[in-house]
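S.K.: Pasting a predicted model and its sequence here:
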Amino acid sequence: MKTLIFIPTYDQRDRVASVCARIQALALDADVVTQPGAHHDAIAYAYDHGYDRLVTLDCDLAQVDVLPALIERARSADVVIGSRRVDKLVGRADHFMTEAMLGIHHDATSPVRAYNLHAIPREVFELAQSRDSAFLFESLFILHKNGFAIAEVPVAGARSKVSLRELQRSARKLGSIFLASQTNPTRFRLARDAARIDPDLVDPQNWNEYWAAHQRKTTPVYHIIATLYRNAIIKRNLQTTIRREFAPGSAILHAGCGSGQVDSDLHDHVKIIAVDIATSALDLYLRENPRGEVRHASIFELPFPDGSFDGVYNLGVVEHFTREELGRMFREFMRVLKPGGKFVIFWPHAYATSVAVLKVAHFVLNDVLHKDVRFHPPEVSLVHSSREAAALLGEAGFELDSYSFGPKDFWVQAIVVAKKPASVDAVSRPERWTTVAAGSSDAATG
């Protein structure tokens, strides 16, 4: 494997000769380059000159001795960090911030690193926008979010050199990256191959345009609020529900997946196949879910055999369809579920707090200011009660297993769990359920 050791030199030029002599004594099969340049310059140089592995460190004798361990650990990891002992208050604060805000548990500001460039596409590093010392933690965050294996080895005798002024700059940059990760997480995701498109599939509600516009963020304030709420509240509730209702390794269909931000932490528990009629949504899903599998399909005509899945779920989908469409949709879900399989719906409620807020927002923007703004497509089937949910699901043969609506999400969505009877003979409309017409409303719940 062709290896490059890159040592940036600024005010440490007097140490270059002794550092290079120490590296030569280690008899490593590697080229050494020393020149003024930042970390991202070293990465660009390594790719430009065809190296398979890049090792970076400061012009510091204490860091040289870790090279054999760093290179050896890199045989089984994509990135290896040389972790320094943090002995200053500002250094400990720097570590705390990168861990708390970005979820990085390694020494994110350490320049001592080994990269397996044959495993990491160059485009990953091009996602980082920082060109100062913040490049170190921003690029590591991007590597982490794209699922690359990160390991760590200790660097004996080396200390964090973060100053108070650098800490202040890092804090500002960390805040910017954290906000972007919550409001525009696809910025940090490497684009995957586009989903295979079914050219015969018709999108009568034009969801593809909706998700394309969603990427352009035509209503930025709404987009920021909705994304923060989705990640902080809905994602947590979905994880709790899916982990409670389905055993590890269950085959699950996300029917009407949208951007899939809420799925990102579920792939280690269940096997998800995500379906959407909008190709722009599937592209977003693939960015959000490096391990995700997608299919371009209609939820009314799923391309799967009978009894393919242990579970089906969706969020913010059913309210956009009429009662007749819900019947068709639910019967199709019933078909692809195994006996005893479950259907989980996050169903916006007719009396949700968000409905009231958005009604006011639409009135002000459209009736008062004449802006002609719609936050998302009309919702014609908001749920009113467990009785109504049971009736609508019962028409397709489902049994209502549980229904909850309350403060966990600030009274926005009812979490409905329905079950396909274990016996095929049991799939009939229970007489005890009374048909209740679905409520009609054009208010959006976000």
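M.R.: Happy to help now that I have it. Numbers count the residues shown, from 1 in each chain.
S.K.: what comes up buried for stretch 408-416?
M.R.: Of the residues in stretch 408-416, 409, 411-416 count as buried by neighbour count, 16 or more other Cβ atoms under 10 Å. Every residue, glycine included, has its C-beta placed from N, CA and C.
S.K.: which of those lies closest to Pro248?
M.R.: Ile415 (20.8 Å; Cβ to Cβ).
S.K.: Leaving out sequence neighbours, find the closest residue to Ala281.
M.R.: Once flanking residues are discounted, Ala281 sits nearest to Trp211: 4.1 Å by Cβ to Cβ, 6 or more residues apart in numbering.
S.K.: Contact partners for the one you found?
M.R.: Neighbour list for Trp211: 258-259, 278, 280-281, 284 [criterion: Cβ atoms under 8 Å, 6 or more residues apart in numbering].
S.K.: any idea how far His296 is from it?
M.R.: Trp211 sits 13 Å away from His296, going by Cβ to Cβ, to the nearest Å.
S.K.: in the stretch 101-250 of the chain, which spans are helices?
M.R.: For the stretch 101-250 of the chain, applying DSSP state H, counting those that start in this stretch gives helices covering 122-126, 135-145, 164-183, 207-216, 220-229, 235-245.
S.K.: Tell me the helices and strands packed up against the last one.
M.R.: This means helix 235-245. Contacts defined by 3 or more Cβ pairs under 8 Å, 6 or more residues apart in numbering; DSSP states H and E place helix 235-245 against strand 309-315, strand 337-348, strand 413-419.
S.K.: want to throw these into JSON lines with distance to Ala156 and mean pLDDT?
M.R.: Below are these laid out as JSON lines (distance: least, Cβ to Cβ, whole Å; pLDDT from 0 to 100):
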{"stretch": "strand 309-315", "distance to Ala156": "49", "mean pLDDT": "97"}
{"stretch": "strand 337-348", "distance to Ala156": "51", "mean pLDDT": "97"}
{"stretch": "strand 413-419", "distance to Ala156": "52", "mean pLDDT": "97"}
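S.K.: and the helix or strand hosting Phe6, average pLDDT?
M.R.: For Phe6, the element it lies in under DSSP states H and E is strand 3-8. Averaged across strand 3-8, the pLDDT comes to 92.
S.K.: downstream neighbour of that strand in the secondary structure list?
M.R.: Per DSSP H and E, the first helix or strand lying C-terminal to strand 3-8 is helix 16-25.
S.K.: How about residues contacting that following helix?
M.R.: Contact with helix 16-25 is made by 5, 7, 9, 32, 34, 59-61, 64-65, 67, as judged by Cβ under 8 Å, 6+ apart.
S.K.: same deal with stretch 169-179?
M.R.: 94, 97-98, 101-102, 109, 130, 132-134, 137-138, 141, 162.
S.K.: Whichever of those end up buried, select them in ChimeraX.
M.R.: Buried residues within the contacts of stretch 169-179, by 16+ other Cβ under 10 Å, are selected in ChimeraX with:
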select :94,97,98,101,102,109,130,133,134,137,138,141,162
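S.K.: before we move on, the earlier item: tell me the one of the contacts of helix 16-25 nearest Ala195?
M.R.: Closest to Ala195, out of all of the contacts of helix 16-25 and judged by Cβ to Cβ, is Ile5, at 40.9 Å.
S.K.: and that closest one, how many neighbours does it have?
M.R.: Applying other Cβ atoms under 10 Å, we find 26 residues neighbouring Ile5.
S.K.: swap in Val16?
M.R.: So Val16, with other Cβ under 10 Å, has 14 neighbours.
S.K.: What score does it have for pLDDT?
M.R.: pLDDT recorded at Val16 is 85.
S.K.: can you check Pro36 too?
M.R.: 82.
S.K.: same question, Gly175
M.R.: 88.
S.K.: From the chain's centroid, how far away is stretch 18-36?
M.R.: Centroid separation between stretch 18-36 and its chain, computed with Cα atoms, centre = their mean, to the nearest Å, is 40 Å.
S.K.: cool, stretch 46-58 as well?
M.R.: That offset, for stretch 46-58, works out to 29 Å (Cα atoms, centre = their mean).
S.K.: what are the C-alpha coordinates of that stretch, in PDB please?
M.R.: What follows is stretch 46-58 as a C-alpha-only set of coordinates in PDB (Å, rounded to 0.1, in the frame of the first residue of the first chain):
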ATOM      1  CA  ALA A  46      -2.200  12.600  -1.400                       C
ATOM      2  CA  TYR A  47      -5.100  12.100  -3.700                       C
ATOM      3  CA  ASP A  48      -3.400  14.000  -6.500                       C
ATOM      4  CA  HIS A  49      -0.300  11.800  -6.300                       C
ATOM      5  CA  GLY A  50      -2.100   8.500  -6.100                       C
ATOM      6  CA  TYR A  51      -1.400   7.500  -2.400                       C
ATOM      7  CA  ASP A  52      -3.500   4.800  -0.800                       C
ATOM      8  CA  ARG A  53      -2.900   5.900   2.800                       C
ATOM      9  CA  LEU A  54      -2.200   9.300   4.200                       C
ATOM     10  CA  VAL A  55      -0.700   9.900   7.700                       C
ATOM     11  CA  THR A  56      -0.600  13.500   9.100                       C
ATOM     12  CA  LEU A  57       1.100  14.900  12.200                       C
ATOM     13  CA  ASP A  58       2.600  18.100  13.400                       C
END
